[in-house]
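Student: Starting from these lines, generate the structure:
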Amino acid sequence: MSLVKQEEFAILEKVIKCVLFDPESLSTPRPASRALSPEDCELDRLFHCSIRNRLTALKQKVDFIKTQDVMNIYHAMVKQGRRIPTTQPRPSSCNLADFALSRVLLAAMLLYHPQPVSLLIEVRDEENFSQPSNRLDKTMSDVFSLLSLFFLRIGKTRECPATYCQIASIRQLLDHMNESSSFTDADLKPFRARLNELRHIVVSDKESGKHPEAMTMLLERKLNACDVVLTQLHESLSVLSVELVPIHQKLVALRRHLVALAAKQKPSKADLKPLQEELRKLDSKRVNDRFLGPDGTPVPSSQALVVGILEECFEIAHEIEAREKDVSFTLKAIYDRLMEIRGQLESLVMTHRWTLRETDLWNYENALRDIDKMRVDGKFVDSEGNKPQGQYVLLYLLRRCYGLIYRLLSSSEPVSEELMPIANKLSTVKKCLNEVLKYGGPFTARDLYPYQLALYQIDQTRKDGKFISSEDGSVPEGQGILMAHLNECHELLEMLKESMSDEEDDDNENDE
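Tutor: Numbering: from 1, shown residues only. The predicted model follows:
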């Protein structure tokens, strides 16, 4: 597939920004030289009445997002269209920017029409599917990610559209691990387990026919691409000799400690010293720059992998020593932005049950993607093309932010945003009751009254045994989880009441 030409990026960028952020600006008049085909007119009509009034409004909504609002968009997406052809052959004679404009509008239509899903599959074969061919395909991927975040936000975490953003996040982390060459089998196991869980969701939806075949096929190809990278990472570790595995694991751990130390605004030399001593001990095991086996002979394989990490650790330690205050002045803006994002994401990790809206992660993902694109051959460069000191710090912060986003996505609970306050209240009550039961009495009915009142208030919000939306009377996701927590709280309360009755009986017997 041909790449979009450099001179045509201005046209594409304007449309892409309109699609995702500013649909109103598409109302500006078109140049007279541009003749719209009937298909383009239809796309524009559908774009204006759908994207502007639905996607943008839903993304910026400050109140709880209704499940039905998201599902209406999704049902429109999977509904079979009749006006736009399923296949889109690339024209040979028209200007590429004209065709690209039509394709971007198709990407904007993604939430309302099934054909773009099929189109994304058609333009990539199985081998190159994991790497978007050009910016247009990336735009389509962006819209998929946004829809996926909406599914997480309404609590539909066990449905295949919700897996898209998680698969993409895993792929980002695997690519960065592959680039750093600093990982162990223990680091890869959680990703393998999570990919298997996501694949189970996709296969289950495919077998049940709950979602269209194009959607499940798209997700399966994304999963297959992740499996390929994960297999490559496993194979790169398989060359390690048994004698070098412990050394490799120590070096990976030391490297992480070093980059974490380097990321601090004022790294402590006292914290650096023990890490340097560990590095020197490991380095002393080499003879003629090669690690030896138990019999004193050089280990035949995997020397380069281990020595490479060792030398990188020494380089990071030297960079920490040489750095007087902060990272290079030319990289300071990137460093400050990454520190700001990391701080905000770490706060969300601590308070995500109360403050996180999954769609808010969209802004962080875009910011990190923009920073990642600044790298040239894997390094950040200044205006003159030089590579200033502080590379390891920035890469650590970037990967740390990607990891935090993945952690937040993975921790998303299958409970609708509207029911999360009730879920949090039940969780707090259950923890308190468990603590009271753990430490025991003596306590009175008055001590249990706050818990009884809290459960009574929660019970009163139910209608016909279900938690109902106060806005439209719908039944939000998460009913089973909330009912399980509520029943468990009632059981704990009854156990406390029984123990209180036993204590009263014992007191009566003692009085007699």
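
Student: Mind telling me which residue is nearest the centre of this structure?
Tutor: By CA atoms, centre = their mean, the chain has its centre lying nearest to residue 406, at 3.6 Å.

Student: hang on, that one packs against residue 165?
Tutor: No. Here residue 406 does not reach residue 165: they are 9.5 Å apart, not a contact under CB atoms under 8 Å. C-beta: built from backbone N, CA, C; applies to glycine.

Student: if we can go back for a sec, which helix or which strand is home to the residue nearest to the centre of the chain?
Tutor: helix 391-410 (DSSP states H and E).

Student: and the residue nearest to the centre of the chain, how far is that from residue 67?
Tutor: Applying CB to CB, to the nearest Å, the value for residue 406 to residue 67 is 25 Å.

Student: any low-confidence regions in the stretch 351-500 of the chain?
Tutor: Residues of the stretch 351-500 of the chain meeting the criterion pLDDT under 70: 353, 441.

Student: now do the chain
Tutor: Using pLDDT under 70, the chain drops low at 1-63, 76-140, 295-297, 299-301, 323-326, 353, 441, 501-512.

Student: Name all residues that make contact with the residue nearest to the centre of the chain.
Tutor: Residues in contact with residue 406 (CB atoms under 8 Å, 6 or more residues apart in numbering) are 166, 169-170, 172-173.

Student: Quick one: neighbours of residue 183, just the number.
Tutor: 20 (other CB atoms under 10 Å).

Student: repeat for the one 5 residues further on
Tutor: Each residue near residue 188 was counted by other CB under 10 Å, and the total is 17.

Student: re earlier: which residues are in contact with both of residue 406 and residue 165?
Tutor: By CB under 8 Å, 6+ apart, no residue touches both residue 406 and residue 165.

Student: Can you spell out which helices and strands pack onto the next helix or strand after the helix holding residue 406?
Tutor: Per DSSP H and E, the first helix or strand lying C-terminal to helix 391-410 is helix 420-439. With contacts taken as 3 or more CB pairs under 8 Å, 6 or more residues apart in numbering; DSSP states H and E, helix 420-439 sits against helix 332-355, helix 445-460, helix 479-511.

Student: So which other helices or strands are in contact with the shortest one?
Tutor: With contacts defined as 3+ CB pairs under 8 Å, 6+ apart, helix 445-460 has these neighbours: helix 420-439, helix 479-511.

Student: ok, residues contacting it?
Tutor: By CB under 8 Å, 6+ apart, the residues outside helix 445-460 that reach it are 422, 425-426, 429, 432-433, 436, 486, 489-490, 493, 496-497, 500.

Student: What of the first one?
Tutor: Contacts with helix 332-355, where a contact means CB under 8 Å, 6+ apart, come from 265, 326-327, 356, 364, 367-368, 371, 374, 380, 390, 393-394, 397-398, 400-401, 404-405, 407-408, 411, 413, 420, 423-424, 427.

Student: Pull out the buried residues from these.
Tutor: 327, 356, 364, 368, 371, 380, 390, 393-394, 397-398, 400-401, 404-405, 408, 413, 420, 423 (16 or more other CB atoms under 10 Å).

Student: from memory residue 415 sits against residue 483, does it?
Tutor: No. Residue 415 is beyond contact range of residue 483, at 11.5 Å (criterion: CB under 8 Å).

Student: next structured bit after the helix or strand hosting residue 224?
Tutor: Assigned by DSSP H and E, residue 224 belongs to helix 213-238. Downstream of helix 213-238, the next assigned helix or strand under DSSP H and E is helix 245-262.
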